[in-house]
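*Asks:* okay, here's the prediction I keep looking at, along with the sequence it came from:
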Amino acid sequence: GENVEQHPSTLSVQEGDSAVIKCTYSDSASNYFPWYKQELGKGPQLIIDIRSNVGEKKDQRIAVTLNKTAKHFSLHITETQPEDSAVYFCAASIRGSQGNLIFGKGTKLSVKP
Amino acid sequence: NAGVMQNPRHLVRRRGQEARLRCSPMKGHSHVYWYRQLPEEGLKFMVYLQKENIIDESGMPKERFSAEFPKEGPSILRIQQVVRGDSAAYFCASSAGVMNTEAFFGQGTRLTVV
């Protein structure tokens, strides 16, 4: 079955710097890759997603890139702010899986003011 | 448009008791998914339901766990005879359709078995 690896597990940056989180997946049939932000005590919040027919997608300070050949995708956050501090999860979904997502183990991002 | 609503937010059960977790999907969403999250871990898929149907329960333990999504009312995840290892956060998500449509999560139910 599908397996999603996420790195790093923790990431600390200074306010204003960029943060990059990387994920790899194993099943080439995966075609949907969302990213979720989870704050302490809350549920995961969808922040951006990308589909396999697109190589890059951007939404203000957040961007996601996808390399289908290498089977990896990355989250880029620019001009980080303290409120970006949270745990970020990548996920992958396989065509025909009817929607269930396989999650990475998460990256705890700390943005120091 | 309210988001995905889960209740209770926190649930404490003694070993051997039953736990019932409820999930009301977003308005207009007919697809519900349950995930379990252990401390410091990612979310693990448990079950996917549509109204009155279990579509995929490949992630759900064979014993003591069951889920339903009746025609009327919320989806229910039921855990019978709970054990300490069942302590976790249980999240429900809903989506409007299948085939990789966006899934939105609720706030979760944190189950503690004492």
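*Replies:* Perfect, thanks for sending it.

*Asks:* so where is chain A shaky, pLDDT-wise?
*Replies:* Applying pLDDT under 70 to chain A flags the ranges A:95-99.

*Asks:* ok, now how distant is the residue of it positioned farthest from its centre from chain B?
*Replies:* Farthest-out residue of chain A from its mean C-alpha position, per CA atoms, centre = their mean: residue A:113, at 22.8 Å. According to CB to the nearest CB, to the nearest Å, residue A:113 and chain B sit 25 Å apart. (Glycine included, C-beta is placed from N, CA and C.)

*Asks:* does that residue touch residue A:82 like I think?
*Replies:* Yes: using CB atoms under 8 Å, residue A:113 is in contact with residue A:82, at 5.2 Å.

*Asks:* would you map the strands across chain A?
*Replies:* Listed in chain order, the strands of chain A (DSSP state E) span A:4-7, A:10-14, A:19-25, A:30-38, A:45-51, A:56-59, A:62-67, A:72-77, A:86-94, A:102-103, A:107-112.

*Asks:* shared neighbours, residue A:113 and residue A:82?
*Replies:* residue A:15 (CB atoms under 8 Å, 6 or more residues apart in numbering or on different chains).

*Asks:* buried residues in stretch B:71-83, which are they?
*Replies:* B:74-77, B:79, B:82 (16 or more other CB atoms under 10 Å in any protein chain shown).

*Asks:* now swap in stretch A:18-33 and tell me
*Replies:* A:19-25, A:27, A:30-33.

*Asks:* could those residues go into a markdown table alongside distance to chain B?
*Replies:* Shown next, in a markdown table, are those (distance: CB to the nearest CB, whole Å):
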| residue | distance to chain B |
| --- | --- |
| A:19 | 18 |
| A:20 | 19 |
| A:21 | 13 |
| A:22 | 15 |
| A:23 | 11 |
| A:24 | 14 |
| A:25 | 13 |
| A:27 | 14 |
| A:30 | 10 |
| A:31 | 7 |
| A:32 | 4 |
| A:33 | 9 |
